[in-house]
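Participant: kindly return the folded structure for what I paste below:
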Amino acid sequence: MVSCIFCEIIHKKVEAYIIYENEHVCCFLDKFPINKGHILIVPKTHCPEFRDVDEKSLNEVINLAKKMAILLENLYPTDGITILQENGIFKDVEHYHMHVIPRYKDDGFYLVEPENAVKLEDFMELKIKMKAYLHKEVI
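Facilitator: Numbering: from 1, shown residues only. All right, here's what the predicted structure looks like:
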């Protein structure tokens, strides 16, 4: 298996500032924070992508993200909280993780949204395809 920094943190092979863990998840401070208090939440089972995470761990991650957001809002005079998760080539570690980032006006962190014009017929086509897929998959 390829070395995974998050698995090494979970197994205490690499030092980290762990602030919470249970049998499903480990929560620690990001060593390269966007802002002071930037938290990462990772499932203890190695899962490269969002789609690979088991339901119990995923529930733990999102519920803990809410608790950590509240914690940060109580510890710091934030202007908001960003909850962020990326997949595929956009993630920086090959282990699913959720960021909980305290935010401040003018902190310099931005997600740039490109201007993409979408036609009405494109929305209609997407809606039909997505609904058909969802009914096929029986969510």
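Participant: just the buried positions in the helix or strand of the chain with the lowest mean pLDDT, please.
Facilitator: Among the helical and strand segments of the chain, the one scoring lowest on mean pLDDT, DSSP states H and E is helix 120-137, with a mean of 88. Going by neighbour count (16 or more other CB atoms under 10 Å), nothing in helix 120-137 comes out as buried. In short, each C-beta sits where N, CA and C put it, glycine included.
Participant: return the alpha-carbon coordinates of the host helix or strand of Leu71 using PDB.
Facilitator: Using DSSP states H and E, the element containing Leu71 is helix 55-75. Provided in PDB are the C-alpha atoms of helix 55-75 (Å, rounded to 0.1, in the frame of the first residue of the first chain):
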ATOM      1  CA  GLU A  55     -22.000   5.400   5.500                       C
ATOM      2  CA  LYS A  56     -21.200   5.300   9.300                       C
ATOM      3  CA  SER A  57     -17.900   7.100   8.800                       C
ATOM      4  CA  LEU A  58     -19.400   9.600   6.400                       C
ATOM      5  CA  ASN A  59     -22.200  10.500   9.000                       C
ATOM      6  CA  GLU A  60     -19.500  10.900  11.700                       C
ATOM      7  CA  VAL A  61     -17.500  13.200   9.400                       C
ATOM      8  CA  ILE A  62     -20.400  15.500   8.600                       C
ATOM      9  CA  ASN A  63     -21.800  15.600  12.200                       C
ATOM     10  CA  LEU A  64     -18.300  16.300  13.500                       C
ATOM     11  CA  ALA A  65     -17.900  19.100  10.900                       C
ATOM     12  CA  LYS A  66     -20.900  20.700  12.400                       C
ATOM     13  CA  LYS A  67     -19.600  20.400  15.900                       C
ATOM     14  CA  MET A  68     -16.200  21.800  14.900                       C
ATOM     15  CA  ALA A  69     -17.800  24.700  13.100                       C
ATOM     16  CA  ILE A  70     -19.700  25.600  16.200                       C
ATOM     17  CA  LEU A  71     -16.500  25.200  18.300                       C
ATOM     18  CA  LEU A  72     -14.600  27.600  15.900                       C
ATOM     19  CA  GLU A  73     -17.400  30.100  16.000                       C
ATOM     20  CA  ASN A  74     -17.200  30.100  19.800                       C
ATOM     21  CA  LEU A  75     -13.400  30.300  20.000                       C
END
